[in-house]
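Undergrad: compute the structure for the input listed below.
(chains A, B, C and D)
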Protein chains: 2
Amino acid sequence: MTNTCDVCTYRSYLFDNLNKTEFGLLTLSRKEMFFRKGEIICREGEKINNFYYLKEGLLKVYKTVDARKEQIISISNPLDFIGLLSVFSNFNYIFSVSALENSSICIIELDALKKLIQSNGEFAMTLLEKMSKMNDQILETRLLINLKNLRGRTAYIILMFAKDIYKSKKFDLPVSRKEIAELIDMRTENVIRILSELRNDGIIKIEGKSIEIIDQKRLESISEFG
Amino acid sequence: MTNTCDVCTYRSYLFDNLNKTEFGLLTLSRKEMFFRKGEIICREGEKINNFYYLKEGLLKVYKTVDARKEQIISISNPLDFIGLLSVFSNFNYIFSVSALENSSICIIELDALKKLIQSNGEFAMTLLEKMSKMNDQILETRLLINLKNLRGRTAYIILMFAKDIYKSKKFDLPVSRKEIAELIDMRTENVIRILSELRNDGIIKIEGKSIEIIDQKRLESISEFG
DNA sequence: AAACAATATTGATATATATCATATGAAACC
DNA sequence: GGTTTCATATGATATATATCAATATTGTTT
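TA: Modelled structure (predicted):
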């Protein structure tokens, strides 16, 4: 909602190293946009002109495998940069991004940002650190998920939603069963089956999209050991 | 072998944007080290003090899953930075690196490099671009491999060695069957079995570590469609 | 409200992959 | 030189996961 960057909490997170002039320059090229749940922010293959970061909401980053199947690479939380580092190394997006919940996104012209990187080394260093941390996390998570069996993956993803995203044992899933499958490399039927198992074992409660973790210890043990 | 950076071909690849003073600063903190096949360059968990890049040879980047199993994340070619971006976002390595072939590695003190990033924005930008390209590629490759069935993965990795690493249809595998398995998420027995199948189908020749691609078209088709 | 499409669910079955067992040759060790 | 260890190899079997099928449930469009 707020359109002045000065008061935006995100300033301190990323733009602390900029002086007044630089910050003004950035603000000039900056826009804030609102995306409704389901809307697409950018598409694989499109030219990259902007640098996005997520102010509020929830996004998914994904690739299209074929007409019926997508591969979800990661889920973006508020404060996340969107689009991995590829914005700096590719001319075109190598993935798509869409909104899982209504989201506010800050948009900065990539050229303006690149100029700042070149003129302000402190800022460059901060950006490099933050972006590299995010990239590492995505890769590590993908490697971790692939080591687990289906039960472990399902438990892992429930815990991710509870701990990392909603910070609560009870929450509404922002995704369909199919999307969970696409995120943790499973088939929809197996996601559903295993969710039902976990319910029958008294580890979680499910009712439609609503999930509540009953026995977190057991769920974590399943996430770790399958 | 050469110890003066001026003549090193790698200068133009990465350090073009530095002036004489800056370049001198970097050279001061720079060392070149030789690692024999099998030797470990750095270990998961160790403190990060240096920025490495591979001048000559071949490395593997991996994580230790348990006493008997490793997970190979990527293979580093000459010109590659070693260690993903985590060198900028972590204090300790989140993976290990060892030499698959005798290798020459340039070692720069991380602090010296960070200073340069902060003082020279052009250099920061170049580094950001190159490192992010590498990181993206690693992630993309991992996603791609996981979409394939075992036959597809095996074909893919043979083609990777032939096209990306040795640039020849005939080459000696720098890794054991077990390591191939750890690289493409399979079991050793299945790697061996499928290699034998491909041999029996007249698609490749194998003799110990030596591999020759006979029918590249079919191999590529298997890599793509399984 | 009816018709339709998408999602969720469960069961039965097929298939891919892992596991176990065994053998051989080569390298490492004492 | 003999013993041990590791890499390669192949077959038989077990297990995990995908696929197919059928039905309910929810959401969407008209």
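Undergrad: export the longest strand seen in chain A to CSV, keeping only CA atoms.
TA: Of all segments of type strand in chain A, defined using DSSP state E, the longest is strand A:50-66. Output of strand A:50-66 as CSV, limited to C-alpha atoms (Å, rounded to 0.1, in the frame of the first residue of the first chain):
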residue,chain,number,x,y,z
ASN,A,50,13.1,-5.8,-13.8
PHE,A,51,14.4,-6.9,-10.5
TYR,A,52,11.5,-8.1,-8.3
TYR,A,53,11.3,-8.7,-4.6
LEU,A,54,8.4,-9.9,-2.6
LYS,A,55,7.0,-7.4,-0.1
GLU,A,56,4.0,-9.4,1.0
GLY,A,57,2.3,-12.6,0.0
LEU,A,58,3.5,-15.9,-1.3
LEU,A,59,4.8,-17.0,-4.7
LYS,A,60,5.9,-20.1,-6.5
VAL,A,61,8.8,-20.3,-8.8
TYR,A,62,8.4,-23.1,-11.4
LYS,A,63,9.3,-24.5,-14.8
THR,A,64,6.9,-26.0,-17.3
VAL,A,65,7.7,-29.6,-18.1
ASP,A,66,4.8,-30.3,-20.5
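Undergrad: list the buried residues in it.
TA: Buried residues in strand A:50-66, counted by 16 or more other C-beta atoms under 10 Å in any protein chain shown: A:50-55, A:57-63. In short, each C-beta sits where N, CA and C put it, glycine included.
Undergrad: check which element follows that strand along the chain.
TA: strand A:69-76 (DSSP states H and E).
Undergrad: hmm, whatever helix or strand A:L113 lives in in reach of chain B?
TA: Using DSSP H and E, A:L113 sits within helix A:110-119. Yes. Between helix A:110-119 and chain B, judged by C-beta under 8 Å from any C-beta of the partner chain, the touching residues are A:114, A:117-119.
Undergrad: nearest to DNA strand D among those?
TA: If you rank the residues of helix A:110-119 next to chain B by distance to DNA strand D using C-beta to the nearest atom of the strand, A:K114 comes first, at 40.2 Å.
Undergrad: how about the closest one, nearest residue that isn't a chain neighbour?
TA: Distances taken as C-beta to C-beta, 6 or more residues apart in numbering or on different chains place B:M125 nearest to A:K114, at 6.4 Å, with adjacent residues excluded.
Undergrad: could you give the angle of the longest strand of chain A to helix A:110-119?
TA: Counting by axes from the mean of the first three to the mean of the last three C-alpha atoms, to 10 degrees, strand A:50-66 points 120 degrees away from the direction of helix A:110-119.
Undergrad: run the angle between strand A:50-66 and strand A:69-76 for me.
TA: 150 degrees.
Undergrad: what about strand A:50-66, average pLDDT?
TA: Strand A:50-66 shows a mean pLDDT of 91.
Undergrad: go on, stretch A:197-209?
TA: Per-residue pLDDT values over stretch A:197-209 give a mean of 96.
Undergrad: what is the host helix or strand of A:S196 packed up against?
TA: Per DSSP H and E, A:S196 falls inside helix A:188-200. Under the contact criterion of 3 or more C-beta pairs under 8 Å, 6 or more residues apart in numbering or on different chains; DSSP states H and E, helix A:188-200 touches helix A:150-159, helix A:177-184, strand A:204-207.
Undergrad: could these go into CSV alongside mean neighbour count?
TA: Output for these, formatted as CSV (neighbours: other C-beta atoms under 10 Å in any protein chain shown):
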stretch, mean neighbour count
helix A:150-159, 21
helix A:177-184, 21
strand A:204-207, 15
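Undergrad: out of those, flag the one nearest DNA strand D.
TA: Smallest distance to DNA strand D across these (C-beta to the nearest atom of the strand): 3.8 Å, for helix A:150-159.
Undergrad: do the closest one and DNA strand C meet at all?
TA: No. Using C-beta under 7 Å from any atom of the strand, helix A:150-159 never reaches DNA strand C; the gap is at least 11.6 Å.
Undergrad: okay, the angle between that helix and helix A:177-184?
TA: Interaxial angle, helix A:150-159 versus helix A:177-184 (the same axes, to 10 degrees): 100 degrees.
Undergrad: please work out which residues outside the following helix or strand past helix A:150-159 touch it.
TA: Remark: after helix A:150-159, the chain's next helix or strand is strand A:170-172, criterion DSSP H and E. The contact list for strand A:170-172, computed with C-beta atoms under 8 Å, 6 or more residues apart in numbering or on different chains, reads A:161-162, A:165, A:209-213.
Undergrad: would you enumerate the residues in contact with the spatially most central residue of chain A?
TA: When C-alpha atoms, centre = their mean is applied to chain A, the residue found nearest the centroid is A:S76 (1.3 Å). Residues near A:S76 by C-beta under 8 Å, 6+ apart: A:54, A:58-61, A:82, A:97.
Undergrad: what's the closest non-adjacent residue to it?
TA: Closest to A:S76 by C-beta to C-beta, 6+ apart is A:L59, at 4.1 Å.
Undergrad: domains for chain A, by residue range?
TA: Under the assignment automatic domain parsing, the domains of chain A span A:5-138, A:148-225.
Undergrad: tell me if the first one is near DNA strand C.
TA: No. If you take C-beta under 7 Å from any atom of the strand as the test, domain A:5-138 misses DNA strand C, and the best it gets is 9.6 Å.
Undergrad: ok, that domain near DNA strand D or not?
TA: No. Using C-beta under 7 Å from any atom of the strand, domain A:5-138 stays clear of DNA strand D, coming no nearer than 8.9 Å.
Undergrad: with stretch A:210-221 instead?
TA: No. Shown here: stretch A:210-221 not in contact with DNA strand D (C-beta under 7 Å from any atom of the strand), separated by at least 11.1 Å.
Undergrad: up against chain B, what does chain A have?
TA: For chain A, the contact set with chain B under C-beta under 8 Å from any C-beta comprises A:63, A:65, A:71, A:73, A:84-86, A:88-90, A:94, A:114, A:117-122, A:124-125, A:127-133, A:135-136, A:138-140, A:142-143, A:146-147, A:185.
Undergrad: one more pass at 6 Å, please.
TA: By the rule C-beta under 6 Å from any C-beta of the partner chain, the part of chain A lying against chain B is A:85-86, A:88-89, A:117-119, A:121-122, A:124-125, A:128-129, A:132-133, A:135-136, A:139.
Undergrad: thank you kindly, that will do.
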